[in-house]
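1. how does the following fold in three dimensions:
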Amino acid sequence: MDRMHLFVIKKADQDQYWNCSTVHGTGWHPHYPKQAFSKSELAVEISRLADAGLGKQRIEVIELHA
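-> Numbers count the residues shown, from 1 in each chain. Got it, this is the predicted structure:
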């Protein structure tokens with residue numbers, strides 16, 4: 001498997017994935033990820049989650065593979 005260097009943000013122990021886009025809106029989406037983030041986008045999103053107080057929730061960062 002090759003690394004794609006793309007990541008998704010998931011609530012720990014829940015089937016909820018974070019997205020933040022003009023297409024899919026911003027928030028948690030159930031069942032499957034709608035958006036992947038590059039390393040730099042991931043850093044920005046995690047910072048935004050922390051600033052908004054959403055970072056108090058346990059999250060997982062999952063790297064996608066091809």
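
2. contacts only, for the residue most central in space within the chain.
-> Among the residues of the chain, the one closest to the centroid is Ile9, at 2.3 Å (Cα atoms, centre = their mean). Contacts for Ile9 were tallied using Cβ atoms under 8 Å, 6 or more residues apart in numbering; they are Tyr17, Trp18, Phe37, Leu42, Glu45, Ile46, Leu49, Ile59, Glu60, Val61, Ile62. Any C-beta I mention is one placed from the backbone N, CA and C, and that applies to glycine too.

3. mind pulling up the pLDDT for the fifth one?
-> According to the per-residue confidence, Glu45 scores 91 in pLDDT.

4. for the last one, same thing?
-> Ile62 is assigned 95 on the pLDDT scale.

5. which SS state does it fall under?
-> strand (DSSP: H, G, I helix; E, B strand; the rest coil).

6. correct me if wrong: it contacts Lys11.
-> No - at 11.4 Å, Ile62 does not count as touching Lys11 under the criterion of Cβ atoms under 8 Å.

7. how far away is Ala52 from His5?
-> 25 Å (Cβ to Cβ, to the nearest Å).

8. got it, and Ile46?
-> Per Cβ to Cβ, Ile46 is found 16 Å from His5.

9. which of these two has more neighbours?
-> Neighbour comparison, Ile46 and His5: the larger count goes to Ile46, with 18 against 12 (by other Cβ atoms under 10 Å).

10. element containing the more buried one?
-> Using DSSP states H and E, Ile46 maps to helix 39-51.

11. going by neighbour count, list what's buried in that helix.
-> Buried positions in helix 39-51, judged by neighbour count with 16 or more other Cβ atoms under 10 Å: Leu42, Glu45, Ile46, Leu49.

12. so who does Met4 touch?
-> So Met4 contacts Ala36, Glu63, Leu64, His65, Ala66 (Cβ under 8 Å, 6+ apart).

13. what is the burial count for the second one?
-> Neighbour count of Glu63, defined by other Cβ under 10 Å: 13.

14. can you check Leu64 too?
-> Neighbours of Leu64 (other Cβ under 10 Å): 14.

15. I'd assumed Tyr17 was in contact with it.
-> No - Leu64 sits out of contact with Tyr17 when judged by Cβ under 8 Å, with a separation of 11.9 Å.

16. thank you, goodbye.
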